[in-house]
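Q: pasting a predicted model and its sequence here:
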Amino acid sequence: MASNIKRILVSQPQPATGKSPYYDIAEKYGVEVVFRPFIKVEPVNAKDYRQQRVNILEHTAVIFTAKTAIDHFFRLAEELRVQIPETMKYFCVTEAIAVYLQKYIVYRKRKIFFPASGKMEDLMTPIVKHNKETYLVPVSDVHKEDLTRLLDEKKINYTKTIMYRTVSNDFQPDEDFNYDVLLFFSPSGISSLIKNFPNFEQDKIAIGTFGPTTAKAAKDAGLKLDIEAPNPEAPSMAAALENYLKSVQKKGKK
């Protein structure tokens, strides 16, 4: 066992496949890993969406930054009784997001674009090449401005539209909150922690964050960070967690 660490909360949904590096870590270090998101996604319904006065069919291309955005784009289209034309082009940040489109459309490479690198900056190459398109950008009410900043720089004609909301996944009064390590992946997760536990005292609880914006939100909330990912030794949160458990284990043996 990694010293006195017994329970670790990973603030993400439980993996559907039953495979995860966190399970391997749990077995290797004799710890319990609990998957419990601090945030959840709620749909914007058709009535609320109409108030944005955004007409999907006035756009000839859509930019997707997440699989969630795809789900809500096609859900809303159905609720609004909008028939998405076969001529619609799709621009996705990663190949995985592009492939996910197969859930809703016939996958044709001539109308689906994504960068091999999976980087937002590289997605701009095909977007600029198709700069005559009118782009729709479905997002959550809580989102990063990286994409819109790049679109503005390249003077791309686009409309940003909120199709879903990121809200706190509140803890119930009888829900156990006895953890030695808390892992966060977004600033919204930090906000949810403070909302659920306004008198939260970190004490000996180790806190880990993924990405600079999440780390900043944690520090702004007065939290001390024990794990920060990605870093040169750990490209993922799971790798950073394992490195932390190794270091705790070494200290425990001294």
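A: That came in fine, so what should we check first?
Q: burial measure for residue 59, as a count.
A: By the criterion of other Cβ atoms under 10 Å, residue 59 has 20 neighbours. In this view, the C-beta of every residue, glycine as well, is placed from N, C-alpha and C.
Q: what's it sitting at in phi/psi?
A: With angles defined as degrees, to the nearest 10, residue 59 sits at phi -110, psi 150.
Q: the residue lying closest to it once chain neighbours are set aside in helix, strand or coil?
A: Spatial nearest neighbour of residue 59, excluding adjacent residues (Cβ to Cβ, 6 or more residues apart in numbering): residue 136 at 3.9 Å. Under the three-state scheme (DSSP: H, G, I helix; E, B strand; the rest coil), residue 136 adopts strand.
Q: pretty sure residue 136 is touching residue 162, no?
A: No - here residue 136 does not reach residue 162: they are 11.7 Å apart, not a contact under Cβ atoms under 8 Å.
Q: between these two, point out the one with more neighbours.
A: Using other Cβ under 10 Å, the more surrounded residue of residue 136 and residue 162 is residue 136, with 23 against 17.
Q: for residue 146, see how far away the more buried one is.
A: According to Cβ to Cβ, to the nearest Å, residue 136 stands 17 Å off from residue 146.
Q: what of residue 12?
A: Applying Cβ to Cβ to residue 12 and residue 146 gives a distance of 21 Å.
Q: more neighbours, these two?
A: Here residue 12 and residue 146 are compared on neighbour count by other Cβ under 10 Å; more neighbours surround residue 12, at 20 against 12.
Q: for residue 145, give me the pLDDT.
A: Here, the pLDDT recorded for residue 145 equals 80.
Q: what is the neighbour count of it?
A: 10.
Q: now it: how far from residue 83?
A: 31 Å.
Q: repeat for residue 93
A: Taking Cβ to Cβ, one finds residue 93 at 26 Å from residue 83.
Q: ok, the two, which is more surrounded?
A: residue 93 (22 against 10).
Q: pretty sure that one contacts residue 117?
A: No - using Cβ under 8 Å, residue 93 makes no contact with residue 117, being 9.8 Å away.
Q: list the contacts of residue 203.
A: When the contact criterion is Cβ atoms under 8 Å, 6 or more residues apart in numbering, residue 203 has no partners at all.
Q: helix/strand/coil for it?
A: coil.
Q: check the one 5 residues further on too.
A: Put simply, residue 208 is strand when judged by three-state DSSP.
Q: residue 205 against residue 183, yeah?
A: No - look at residue 205 against residue 183 with Cβ under 8 Å: they stay out of range, at 11.2 Å.
Q: show me what contacts residue 88?
A: So residue 88 contacts 59, 60, 61, 62, 111 (Cβ under 8 Å, 6+ apart).
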